[in-house]
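Q: sequence below, structure please.
(2 chains)
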Amino acid sequence: KAGVTQTPRYLIKTRGQQVTLSCSPISGHRSVSWYQQTPGQGLQFLFEYFSETQRNKGNFPGRFSGRQFSNSRSEMNVSTLELGDSALYLCASSTLLAGPSYEQYFGPGTRLTVT
Amino acid sequence: AQSVTQLDSQVPVFEEAPVELRCNYSSSVSVYLFWYVQYPNQGLQLLLKYLSGSTLVKGINGFEAEFNKSQTSFHLRKPSVHISDTAEYFCAVSGTNFGNEKLTFGTGTRLTIIP
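A: As a prediction, the model looks like this:
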């Protein structure tokens, strides 16, 4: 079974621009979560989508948004980029919570550099 | 709210020696517990998880962890480390109820294996 894929893997943007990152979950997984990883703040939860609905949201400004499509693929968007948005953005997919098989499978991440 | 504390930011260990990476958590509700490993320029890979049942869980690459509810700990151990274990290790918790699956991570422990 193919793993979680994220595109692009690397991205360089300028302050003030916007960016869209894409995540394709494992086939059959309906939940997609996004995390931001930085050296200073570590791994922080951005938001989670399940069946095209945002179920949970972390403590990030409104410039960070996302959506999920009917095929479970997800995108996240960051508008008006700031230098502090430079980070590794990780996507994770999972099945429903209940059951011994529950876990989140992570993609390789998108490395965003804002200059 | 949940939180995770990894007391050691860096742990150097000689090759073939045993290692323990410490993790303590705080939560007002029941939790699932996870250990993830991150190799340079890669995403997160699940080492092992505790959902319920036996408090001693075994994972991949010879790692194991023990859930101690009274001490709210989930320490990771390996009896004999190899050079290939050099990586960053993250402890994480999630809720156990549907809709509360977001992962809260510790700040990570960088494991360095000394030849």
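Q: poorly predicted segments of chain B, please.
A: Applying pLDDT under 70 to chain B picks out no residues at all.
Q: how about the residues of it by chain A?
A: With the criterion set to Cβ under 8 Å from any Cβ of the partner chain, chain B comes near chain A through B:32, B:34, B:36, B:42-46, B:49, B:51-52, B:90, B:92, B:94, B:96-108. The way it works is simple: take the backbone N, C-alpha and C, and place the C-beta from them, glycine included.
Q: using neighbour counts, trim those to the buried set.
A: With neighbours counted by 16 or more other Cβ atoms under 10 Å in any protein chain shown, these contain buried members at B:32, B:34, B:36, B:43-44, B:46, B:49, B:51, B:90, B:92, B:94, B:96, B:101-108.
Q: could you list the residues in contact with the lowest-mean-pLDDT helix or strand in chain A?
A: Of all regular secondary-structure elements in chain A, judged by mean pLDDT, DSSP states H and E, the least confident is strand A:53-57 with a mean of 91. With contacts defined as Cβ atoms under 8 Å, 6 or more residues apart in numbering or on different chains, strand A:53-57 is touched by A:S33, A:F45, A:L46, A:F47, A:E48, A:Y49, A:G66, A:Q68, B:G99, B:N100, B:E101, B:K102.
Q: for B:P12, name its beta-bridge partners.
A: Bridge pairing for B:P12 (DSSP bridges) gives the partners B:T112.
Q: excluding chain neighbours, what is closest to residue 5?
A: Let's take chain A. Closest residue in space to A:T5, ignoring its immediate chain neighbours: A:S24 at 4.6 Å, by Cβ to Cβ, 6 or more residues apart in numbering or on different chains.
Q: that's the other chain; I wanted chain B
A: Excluding the flanking residues, the one nearest B:T5 by Cβ to Cβ, 6+ apart is B:N24, at 4.8 Å.
Q: please report how far that neighbour lies from A:L43.
A: B:N24 sits 17 Å away from A:L43 when distances are taken as Cβ to Cβ, to the nearest Å.
Q: for these two, indicate the residue with more neighbours.
A: It is A:L43, of B:N24 and A:L43, that has more neighbours when counted by other Cβ atoms under 10 Å in any protein chain shown, with 22 against 17.
Q: now do the contacts for residue 114.
A: Answering for chain A, as no chain was given. Under the criterion of Cβ under 8 Å, 6+ apart, the contact list for A:V114 reads A:I12, A:K13, A:T14, A:R15, A:L81, A:E82, A:L83, A:G84, A:D85, A:S86.
Q: think we crossed wires, I meant chain B
A: By Cβ under 8 Å, 6+ apart, the contact set of B:I114 is B:P12, B:V13, B:F14, B:E15.
Q: which residues touch the third one?
A: B:F14 makes contact with B:I113, B:I114, according to Cβ under 8 Å, 6+ apart.
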